[in-house]
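> Based on what follows, work out the 3D shape:
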Amino acid sequence: MSKKNEIGIDKTIKQFITTANKFDVKGTLELFASNAVIDDVSVGEKFKNTAGVRKYLETFFVGYHTVTKLESLKVINAYVPRYSILAKEGIFN
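Reported below is the predicted structural model:
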């Protein structure tokens with residue numbers, strides 16, 4: 001994988017965290033493909049396509065005031081970024 005692709009993935013993940021933490025659903029949705037799937041095992045549900053991703057963001061980010069922080073990021077290849085995030089209700093101190 002080129003360093004350019006690695007930087008692009010890193011930038012996209014950071015943009016996601018920034019827009020999601022602002023509860024900017026529209027801005028966050030722009031980062032997803034129209035056929036994206038969020039498979040959140042913590043809630044036991046898959047959120048498919050733009051409508052599903054919107055529901056996920058509105059329910060679990062806006063609805064619960066979830067704030068996310070990037071803990072680590074390791075890019076395996078262009079298709080498999082491995083990252084760890086910490087999400088919790090409320091504001092990080």
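> so what does the strand ranked longest in the chain touch, helix or strand wise?
Looking across the chain with DSSP state E, the single longest strand is strand 66-77. Secondary-structure packing of strand 66-77 (3 or more CB pairs under 8 Å, 6 or more residues apart in numbering; DSSP states H and E): helix 3-21, strand 80-89. Placement of C-beta: from N, CA and C, glycine included.
> in the longest one, what's buried?
When burial is assessed from 16 or more other CB atoms under 10 Å, helix 3-21 yields the following buried residues: Glu6, Ile9, Ile13, Phe16, Ile17, Thr19, Ala20, Asn21.
> how big is the angle separating that helix from strand 66-77?
170 degrees (axes from the mean of the first three to the mean of the last three CA atoms, to 10 degrees).
> Nearest the geometric middle of the chain, what residue?
Phe16 (5.1 Å; CA atoms, centre = their mean).
> so what's it closest to, chain neighbours aside?
Leu31 (5.3 Å; CB to CB, 6 or more residues apart in numbering).
> who's the nearest residue to Tyr56 once chain neighbours are set aside bridged to?
Using CB to CB, 6+ apart and skipping residues adjacent in sequence, the residue nearest Tyr56 is Phe47, 4.1 Å away. Phe47 forms beta bridges with Ile38, as assigned by DSSP bridges.
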